[in-house]
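Asks: what follows is a predicted protein model with its sequence.
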Amino acid sequence: MKICIIGTGYVGLVAGTCFAESGNDVICVDVDEAKIEGLKNGVIPIYEPGLKELVLRNCEEGRLSFTTDLASAVKASLVNFIAVGTPPGEDGSADLQYVLDVARTIGRNMESFKILVDKSTVPVGTADKVRAVVNEELEKRHATIEFDVVSNPEFLKEGAAIDDFMKPDRVVIGTDNVRTAEIMKELYAPFMRKTNRLIVMDIRSAEMTKYAANAMLATKISFMNQIANLCERMGADVSAVREGIGSDSRIGYDFLFPGVGYGGSCFPKDVKALVKTAEECDYEFILLKAVEEVNELQKLVLTDKINLRLGDNSLLKPLTGKTIAIWGLSFKPRTDDMREAPSVVIINRLLALGAKVCAHDPEAVKEAKKIFGENIVYSNNQYDILKGADALAIVTEWNEYRNPDFDRIKSLLRQPLIFDGRNLYQPSRMKEAGFEYLPIGRNGRH
Ligand code: NAD
């Protein structure tokens, strides 16, 4: 099948590459000329495990190409996936300008039947808006060309995007057109080996499904963060509590890890957008507002602990003279994505409290430099930054932090003090090893 993917970010590039891998002819389009030029030369703009090999192979075999020329790409394709960003606008609602720009360009250039697929996360009712702008463009040209708009939200996770796309838990297709549903089923058939769960529904329900999924996951995280904070105050261990509740099949173990708050390009903006959507229909989504508030507060927990333990309140900036080593900058492991990463709030707060910050991350240093500039020190070696630091604070749970050389850590730090925002280690073992160890929600009796 001939496919056009518009937007070559985390979603578009992965989707385009995976569709090419399953034998389709795919043209990926982006407005970012440097990105497209790089991709043409085999430079992958993001870090996503396994992506580079797949892109290179499919380019070599002639099934995957890159362009900035949307008009020609649309003319050559039957199915056109819109995978551009939908960042939060000033009021928290999803900014649809990029999606609608693309729809307009398609309307201006299409010459035969086209399927437009909303792959971006877009609020309920967006497919109607896309249809309206395409119709406007067709009317301007006095053209009568059939087209269809489909909602096909994406559920991949950064860091495991290829696997998620190739073996999805489910694919959701929102359409009221039987013929289009069949084309979409054919396109996704190669990826249906794990679950064979392709769910066809009406467009508005498909649009809502994506927000409901992310809102539910964010709720689980905020819920567990509050349970953890309470555990700390009550002498209970949140890890044991997680085992205890996760074993209930109605609850499950996933997404019950407390930490420093959720981040990334999806949960924060999608929760905000759903709250806003609700407001627009005079409905107050009380629960989600609380989920957001809890998340903002959770980003302060680690710095509060650091300040309480190391701060000198007689100083205007209580952490003056202290150096904190940070492990992990990206919003989660196996990605270089720094969008809404809790590390940003944590580091800015440490700096505001007067601390010096040195940081390590296996992939996100380049992105982090765009945010912190020269205000912090970076290193490619996770141990180098520990030398002379007053404490280590773990912010992202990269695998390389799970089993470190504790003797080395101890010999480098000024004192054996670890604040763990991701609960990577056993408190009892850390005690035996001579560390003062402050995880989240686990300060109970061990
Ligand atoms: P991204 O910011 O990484 O990529 C978006 C790309 O679109 C950029 O390369 C940008 O240059 C390009 N673009 C913008 N306007 C364009 C235009 N008019 N024509 C062509 N290209 C244009 O975004 P992303 O993380 O891939 O997310 C895309 C959408 O998918 C968002 O709605 C997001 O919510 C959703 N989503 C993201 C994830 C994720 O994990 N990142 C998962 C599921 C869904």
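Replies: Thanks, I have the structure now.
Asks: next up, phi/psi of the closest residue to Arg414 other than its chain neighbours, please.
Replies: Spatial nearest neighbour of Arg414, excluding adjacent residues (CB to CB, 6 or more residues apart in numbering): Asp390 at 5.2 Å. C-beta: built from backbone N, CA, C; applies to glycine. Asp390 adopts backbone torsions of phi -80, psi -20, taken as degrees, to the nearest 10.
Asks: one more: Thr323?
Replies: Torsion angles, degrees, to the nearest 10, at Thr323: phi -120, psi 130.
Asks: could you measure from it over to Val344?
Replies: According to CB to CB, to the nearest Å, Thr323 and Val344 sit 19 Å apart.
Asks: cool, and Val84?
Replies: For Val84, the distance to Val344 - CB to CB - is 24 Å.
Asks: with Glu400 instead?
Replies: For Glu400 relative to Val344 (CB to CB), the value is 21 Å.
Asks: and the longest helix along the chain with the ligand, contact?
Replies: The single longest helix within the chain, with elements called by DSSP state H, is helix 203-234. No: judged by CB under 6 Å from any ligand atom, helix 203-234 stays clear of the ligand, getting no closer than 7.2 Å.
Asks: quick check, Thr68 in contact with Val29.
Replies: Yes: between Thr68 and Val29 there is a contact at 6.8 Å, judged by CB atoms under 8 Å.
Asks: between those two, which one's more packed in?
Replies: Between Thr68 and Val29, counted using other CB atoms under 10 Å, Val29 has the larger neighbour count: 29 against 14.
Asks: what bridges to the more buried one?
Replies: Beta-bridge partners for Val29, by DSSP bridges, are Ile6, Thr67.
Asks: so who does it touch?
Replies: Cys4, Ile5, Ile6, Gly7, Thr8, Ile36, Phe66, Thr67, Thr68, Asp69, Leu70, Ala73 (CB atoms under 8 Å, 6 or more residues apart in numbering).
Asks: distance to the ligand and pLDDT added to those residues, as JSON lines?
Replies: Putting the contacts of Val29 into JSON lines (distance: CB to the nearest ligand atom, whole Å; pLDDT from 0 to 100) gives the following:
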{"residue": "Cys4", "distance to the ligand": "10", "pLDDT": "98"}
{"residue": "Ile5", "distance to the ligand": "9", "pLDDT": "98"}
{"residue": "Ile6", "distance to the ligand": "5", "pLDDT": "98"}
{"residue": "Gly7", "distance to the ligand": "3", "pLDDT": "98"}
{"residue": "Thr8", "distance to the ligand": "5", "pLDDT": "98"}
{"residue": "Ile36", "distance to the ligand": "9", "pLDDT": "98"}
{"residue": "Phe66", "distance to the ligand": "11", "pLDDT": "98"}
{"residue": "Thr67", "distance to the ligand": "10", "pLDDT": "98"}
{"residue": "Thr68", "distance to the ligand": "8", "pLDDT": "98"}
{"residue": "Asp69", "distance to the ligand": "11", "pLDDT": "98"}
{"residue": "Leu70", "distance to the ligand": "6", "pLDDT": "98"}
{"residue": "Ala73", "distance to the ligand": "10", "pLDDT": "98"}
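Asks: show me what counts as buried in the longest helix of the chain.
Replies: 203-204, 206-211, 213-215, 217-229, 231-232 (16 or more other CB atoms under 10 Å).
Asks: after that helix, next one along is what?
Replies: helix 238-246 (DSSP states H and E).
Asks: need the contact partners of that following helix.
Replies: By CB under 8 Å, 6+ apart, helix 238-246 touches 224, 227-228, 231-232, 251-254, 256-258, 423, 440-442.
Asks: now swap in stretch 202-217 and tell me
Replies: So stretch 202-217 is contacted by 118, 121-127, 149-155, 172-176, 201, 255, 266-267, 270-271, 273-274, 277, 288, 291 (CB under 8 Å, 6+ apart).
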